[in-house]
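J.: I need the structure of the sequence given here:
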Amino acid sequence: MKNIYTLLFASLLAFNASSQASFCEDFDSYSNGDPIAQTSTDWETWGSITAPIPPFADDAYVSNVISNSGSNSLYLFSGATQGLQDVVLPFGVGTPYVLGVFEFTSMFYVNSGTGAYFNFQADNLPGTTWSLDCKMDLGTLVLENTGSSLNFLTTTYPEDVWFELKIVADLTYNIWELFIDGVSQGSFTNTTNQIASLDLYPIIGHEFYVDDICYNYTPAILPNLNAKINSISSVSGLAGQSRDISVDVFNFGINTITSFDVDFLYNGTTISENITGVNIPSVTGTTVNFTTPLNLIGGTNIGTATVSNVNGLGQDDDPTDDSMNTDVIAIEPTPGKLVIGEEATGTWCGWCPRGAVALNFMDRDYYGYFQGIAVHNGDPMTNTAYDAGLSPYIGGYPSAIVDRGTEIDPSGFEQEFIQKIISPISATFTGVAVASANIIDVEISTTVTSAISGNWTFACVLVEDSVTGSGGTWYQSNSYSGGSSLIDVDGVDWMNLPGWVPDAQMIYRHVGREILPSFGGGSLPSSTYNVGDVFTTNFQFTADPSWDINEMHVVGMLLNNGNIDNAVSLPVSINNNPVSVDNISSNVSINIFPNPAVSTSTLLMTIDTEKEVSISVKSIEGKLIAKGNYGNMIGSHSLTFDISNFSKGIYIVEAQIGNEIIVKKFIKE
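T.: Sure, this is the predicted structure:
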């Protein structure tokens, strides 16, 4: 068990107090023109909850113009500009309802050419969380959760006639279903599976009536002992990679759960966690993180999580919810393919931290398959030629391109990468980059795997990680400060950082220092190559004395009419000092992430052929701190080290893989 923590939902504490509840409103006990919230004790307005003194400016009015039953209905209208009406019907004293069955029905009359809108609030205080939005416009009805941007269901409704709209929510099993005039329009799982009140709110151009509004709530009857698989973490990646998995286990019984087993079956192999010494009260849950990762195979395959042996008693009282399936999706990458993501950024750009965060996540999840390059503008890390070359591809900051394709937001790196990693390639590469003093000589040999001719070019980029500097221009502007959440791979939320993050706190990664011979690359030695042909390109970089060659690598890119066909990333070796730099063979890739780190640091390895692996951690002075032998390994692996007790400073990781030693540095903050 890697980690376990209990998720306590405060709203669930109301469960034991919940009881059967029902209500109906036909508006016939009121007079024409009565403001419903001011007149009735059952209704409120959105504004009256915070200022409960009538009259309420956002009230709606009873009308005798048209009705489904009796003589009255409730009329809601908003003209060419947004009106004020916004009325709320709380669903009883036991809310919010989180288990049991909730049924809502209402008659609607929507005037032709207009629309109607209502939502269900998830919490007793409106405006906290929306559980469901119902949008009716010009005959089309959409059920969605605006907060999560999810569209659950789309159907149609009749105009200029009364029709019954019914929603039945089985909150215990999270099954919601919509009915129009008694006919099911479909069911769905709601991302916010609880309910507290109805909110009727006419949007611009809406004109509609409601009548005969009813709700009924039936509490759940729980068995004595029942553990349920509530959810499984999304698992995806590339074939050959490994991925961690977590499973949410929920106590849907009366008795407290103190122990259980969880199995996960995938590709014929079962991994297990035995959970003991826990205390999970009724209607609370816990997340189990498996210590053994999944080794992904290509395609979409089923993974099955199963909980068993609850409290050491074997099968629990409701075995129907003990298992859950999920799709484990793994893409088969094109062998030898490296995808390049170029990010337009700058220390002055307040929204650009999301680009840095996106590259960090890509490094973590797709190291060896994806290479990010941060192309800076208007700050001390700017390379004028690189910045000018990228400029025609972008319309603003932050922006990004993948393999020199169309502009995307950096948050879309993964989606674009998945499309590019399966693209065919025309060549593979071997090469070396060697530094002598501040001169870096690069030689890259290209082996053609698909005949090429025409406008093909080759470019080479010098990239530096862990870049620091001092002064105001090294401060990072942060528009997320105090507002939207932006969580980095190390758990730091940019929302909690200042509006200008001080230079001492900033370490810039993936910095594109120089590109040769130009952004568009230089012509190949010949205009035509056949399969099996090999050609060599050479480049020479002159590093600024302030740059750290130990943190550098070079990226070679083969371009076809301006688009990147394939690429290679090579470490920079320093003459007569092999211990201080990476020395990675063609069939091994290795990285440390996050770097710098605070509490844990993870070593990511991909090994093409089975080799014996041992890892040593040393101080910068060479003192051995820890060593582990991991036996024979193949494929992608992640090894996490606890560095919480390390002193701040620079550390060396030596990975002995077979007969070669690969050296990496990391910083403990």
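
J.: those helices in the stretch 301-450 of the chain, which residues are they?
T.: Listed from the start of the chain, the stretch 301-450 of the chain has helices (DSSP state H, counting those that start in this stretch) covering 353-366, 384-390, 413-420.

J.: pretty sure Trp351 contacts Ser481?
T.: No. Using CB atoms under 8 Å as the test, Trp351 is too far from Ser481 to be in contact (11.4 Å). The way it works is simple: take the backbone N, C-alpha and C, and place the C-beta from them, glycine included.

J.: Out of the helices of the stretch 301-450 of the chain, flag the one nearest Ser31.
T.: Among the helices of the stretch 301-450 of the chain, helix 353-366 comes nearest to Ser31, with 55.5 Å by CB to CB.

J.: Pick the most deeply packed of the helices of the stretch 301-450 of the chain.
T.: Highest mean neighbour count among these (mean count of other CB atoms under 10 Å): helix 353-366, with a mean of 21.

J.: what packs against it?
T.: Contacts defined by 3 or more CB pairs under 8 Å, 6 or more residues apart in numbering; DSSP states H and E place helix 353-366 against strand 235-238, strand 339-345, strand 370-376, helix 413-420, strand 588-593.

J.: Let's have those in JSON lines, adding mean pLDDT and distance to Val310.
T.: Shown next, in JSON lines, are the helices and strands packed on helix 353-366 (pLDDT from 0 to 100; distance: least, CB to CB, whole Å):
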{"stretch": "strand 235-238", "mean pLDDT": "92", "distance to Val310": "25"}
{"stretch": "strand 339-345", "mean pLDDT": "98", "distance to Val310": "45"}
{"stretch": "strand 370-376", "mean pLDDT": "97", "distance to Val310": "42"}
{"stretch": "helix 413-420", "mean pLDDT": "95", "distance to Val310": "37"}
{"stretch": "strand 588-593", "mean pLDDT": "74", "distance to Val310": "37"}
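
J.: Figure out which of those is closest to Thr155.
T.: Of these, the one closest to Thr155 (CB to CB) turns out to be helix 413-420, at 28.8 Å.

J.: Next one: Asn119 from Leu338, what distance?
T.: Note on Asn119: its distance to Leu338, by CB to CB, to the nearest Å, is 47 Å.

J.: quick one: low-confidence parts of the stretch 551-669 of the chain?
T.: For the stretch 551-669 of the chain, the stretches flagged by pLDDT under 70 are 575-587, 589, 620-623.

J.: thinking again about what came up before, so which of the helices and strands packed on helix 353-366 is nearest Val110?
T.: Nearest of these (CB to CB): helix 413-420, 37.4 Å.

J.: ok now do the nearest residue to Ser73 once chain neighbours are set aside, which residues does it touch?
T.: Distances taken as CB to CB, 6 or more residues apart in numbering place Asp211 nearest to Ser73, at 4.0 Å, with adjacent residues excluded. Residues near Asp211 by CB atoms under 8 Å, 6 or more residues apart in numbering: Asp26, Phe27, Ser67, Asn68, Ser69, Asn72, Ser73, Leu74, Ser106, Met107, Tyr109, Trp162.

J.: Of Asn119 and Leu338, which one has the most company?
T.: Leu338 (24 against 21; other CB atoms under 10 Å).

J.: which residues touch the more buried one?
T.: Gly368, Tyr369, Phe370, Gln371, Asn566, Ala567, Val568, Ser569.

J.: Equivalent analysis for Val307, please.
T.: Ala227, Lys228, Ile229, Val249, Phe260, Asp261, Val262, Asp322, Ser323.

J.: What sits closest to it if chain neighbours are left out?
T.: Looking at Val307 with CB to CB, 6+ apart, the closest residue is Ala227, at 4.7 Å.

J.: Cool, thanks, signing off.
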